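J.: structure for the following, please:
(one chain, ligands or ions: 2)
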Amino acid sequence: MTEPLVSLRNVSAGYEGRTIVSSVSLDVHSDDFIAFIGPNGGGKTTIVRLLLGQLRPMSGEVRFAPSLRIGYLPQVNDVDLRFPISVTDVVLSGQLDGSRLFPSRAERARALELLRFAQLEQYKDKPLGSLSGGQRQRVFLCRAIMGNPQLLILDEPVTYMDKVAETNLYKLLPELSKQMAIVLVSHDIGTISSVVKTIACVNGTLHYHATNKISEEMLSVYECPIEILSHGVIPHRVLKTHNF
Ligand SMILES: Nc1ncnc2c1ncn2[C@@H]1O[C@H](COP(=O)(O)OP(=O)(O)OP(=O)(O)O)[C@@H](O)[C@H]1O
Ligand SMILES: [Mg+2]
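T.: Ligands and ions are numbered 1, 2, ... in the order given. Below you'll find the predicted structure:
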């Protein structure tokens, strides 16, 4: 098997001396498509930040493949919406590494192609701040893909999206996963299990399941009743589907 893109070995991490996740081991390989599920506050974004190299582990080891390109869609886009940047320039910023000021013609063409794909072409010259939350989320998705990453990390990407945008995303992801590894943080357990390959339950630690089925067996092995999955102190709920 090839070397993993990112490897976490027995990692503990947290903030200001407080441990949030511990004993986390995970290898992300180039053909992986992993869902992170788990309750609010369980540590999903914390592990994402370890994978990004944004957060140093308190103990354990984090290793990255050399010159790894990662595309990242943050959970909350807390950009200053008054900042005068156009939609196209936001997408292009996913490519520029700080060593160049101006994008190439090919990069511009790719940014426009992505915006067309995300059905945002009509907004290409608009300031980012004039878009809706879901439209902005799609702009940031284009940005994350722009640099042709080897690993794409999407932290709750559909939060602001409407059904059409969400469906489009879930159609796009299997295509993207042929070209790059994907880590998808989501609470939408029903939908993701049909697109991802494997599932990691995050709740103070990480339980990796090499399957995309949330099976009775998986639940029983980890002593998780169907309604409430509990891998630690904080239970996470699997909500039943609504019929309305
Ligand atoms: N920058 C920070 N400084 C201090 N504590 C933090 C920081 N970021 C997160 N935490 C704490 O770490 C814990 C885990 O947060 P994290 O964002 O990893 O959870 P999550 O699983 O992504 O939750 P959600 O489903 O709500 O996104 C929470 O208790 C949170 O308050
Ligand atoms: Mg989070």
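
J.: is the helix or strand hosting L50 positioned near ligand 2?
T.: Taking DSSP states H and E as the definition, one finds L50 inside helix 44-51. Yes - in terms of CB under 5 Å from the ion, part of helix 44-51 sits within range of ligand 2, namely 44-45. Backbone N, C-alpha and C define where each C-beta goes, glycine included.

J.: got the CA positions of that helix in PDB?
T.: Output of helix 44-51 as PDB, limited to C-alpha atoms (Å, rounded to 0.1, in the frame of the first residue of the first chain):
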ATOM      1  CA  LYS A  44     -14.600  16.600  14.600                       C
ATOM      2  CA  THR A  45     -13.300  20.100  13.600                       C
ATOM      3  CA  THR A  46     -10.400  19.600  16.100                       C
ATOM      4  CA  ILE A  47      -9.300  16.500  14.200                       C
ATOM      5  CA  VAL A  48      -9.800  18.400  10.900                       C
ATOM      6  CA  ARG A  49      -7.400  21.000  12.200                       C
ATOM      7  CA  LEU A  50      -4.900  18.400  13.000                       C
ATOM      8  CA  LEU A  51      -5.200  17.000   9.500                       C
END
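
J.: that one and ligand 1, any residue contact?
T.: Yes - contact between helix 44-51 and ligand 1, assessed by CB under 6 Å from any ligand atom, occurs at 44-46.

J.: how far off centre is that helix?
T.: Once both centres are worked out by CA atoms, centre = their mean, to the nearest Å, helix 44-51 turns out to sit 9 Å from its chain's centre.

J.: helices or strands up against it?
T.: Judged by 3 or more CB pairs under 8 Å, 6 or more residues apart in numbering; DSSP states H and E, the packing partners of helix 44-51 are strand 6-15, strand 18-28, strand 33-37, strand 151-155, strand 181-185.

J.: the very next helix or strand once past that helix pairs with which strands, parallel or anti?
T.: Elements were assigned by DSSP H and E; along the chain past helix 44-51, the next helix or strand is strand 59-64. Strands that pair with strand 59-64, judged by DSSP bridges, come out as strand 6-15 (antiparallel).

J.: could you find the closest non-adjacent residue to the residue positioned nearest the centre of the chain?
T.: A centroid search over the chain (CA atoms, centre = their mean) returns L154, at 1.8 Å, as the residue closest to the centre. Here the nearest residue to L154 in space, its sequence neighbours aside, is L73; by CB to CB, 6 or more residues apart in numbering that works out to 4.6 Å.

J.: count the neighbours of that neighbour for me.
T.: The number of residues packed near L73 is 21, by other CB atoms under 10 Å.

J.: and A109, by the same measure?
T.: 11.

J.: name the helix or strand for it, please.
T.: Counting by DSSP H and E, the element that carries A109 is helix 105-117.

J.: just checking, what packs against that helix?
T.: For helix 105-117, the packing partners by 3+ CB pairs under 8 Å, 6+ apart come out as helix 87-92, helix 133-146.

J.: got the domain boundaries for the protein?
T.: Following automatic domain parsing, one finds the domains of the chain at 1-69+150-244, 78-148.
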